[in-house]
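Q: for reference, the sequence and a predicted model appear below.
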Amino acid sequence: MTALYKNIIEGLVNSSSLAVSMVNFNGACFLWEGPMIEKSDNSKIKTKKEGETIPEVYTNAVLTNMTPYEFEVTLGLGSSNYEGVKPLVNVRMSPQFAKEFSKLLQQNVKLFEERFGEIPVYQEMEM
């Protein structure tokens, strides 16, 4: 990430009402800063276009798979109401996009922790 984009992102993150993401599409970087979307009460996200919605999914489990041509991420929900994990959505992407997406998540976690403190992660105890 260039210093210019880093400075832009850090400046925007200082405002709690903005969501910031950087997307690399065919070699061009785009900065998406919110509020681009509004949450609605029916567990869907309202876009700026009237009447269009995209589903909103909460997940606490993930299964990943890959081939030389694609990455596959299955997001699911683990609950004591049923055995195992209930798959909710399957997302497929190119290896190139998976790498960019991974960088974006890492950058957002870093910015979150700089602002709100370290995110505690559960670690299983070895027996």
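A: Perfect, I can see it now. Numbers count the residues shown, from 1 in each chain.

Q: sketch out the low-pLDDT regions of this structure for me.
A: 1-48, 125-127 (pLDDT under 70).

Q: same thing but 90
A: Regions of the chain meeting the criterion pLDDT under 90 cover residues 1-55, 79-85, 121-127.

Q: that one: helices as residue ranges?
A: 3-13, 95-116 (DSSP state H).

Q: how is this structure partitioned into domains?
A: According to automatic domain parsing, the chain comprises the domains 1-56, 58-95.

Q: which parts of the last one are buried?
A: Translated: domain 58-95. By neighbour count with 16 or more other Cβ atoms under 10 Å, domain 58-95 contains the buried residues 71, 73, 74, 75, 76, 85. Quick note: C-beta positions are derived from backbone N, CA and C, even for glycine.

Q: farthest-separated two in those?
A: The largest separation in the buried residues of domain 58-95, counting by Cβ to Cβ, is between 71 and 85 at 18.8 Å.

Q: can you tell me which of the buried residues of domain 58-95 is nearest residue 55?
A: For these, the nearest to residue 55 is residue 75 (11.4 Å; Cβ to Cβ).

Q: residue contacts, the residue nearest to the closest one when sequence neighbours are not counted?
A: Nearest residue to residue 75, sequence neighbours excluded (Cβ to Cβ, 6 or more residues apart in numbering): residue 59, at 4.0 Å. Neighbour list for residue 59: 75, 76, 77, 88, 89 [criterion: Cβ atoms under 8 Å, 6 or more residues apart in numbering].
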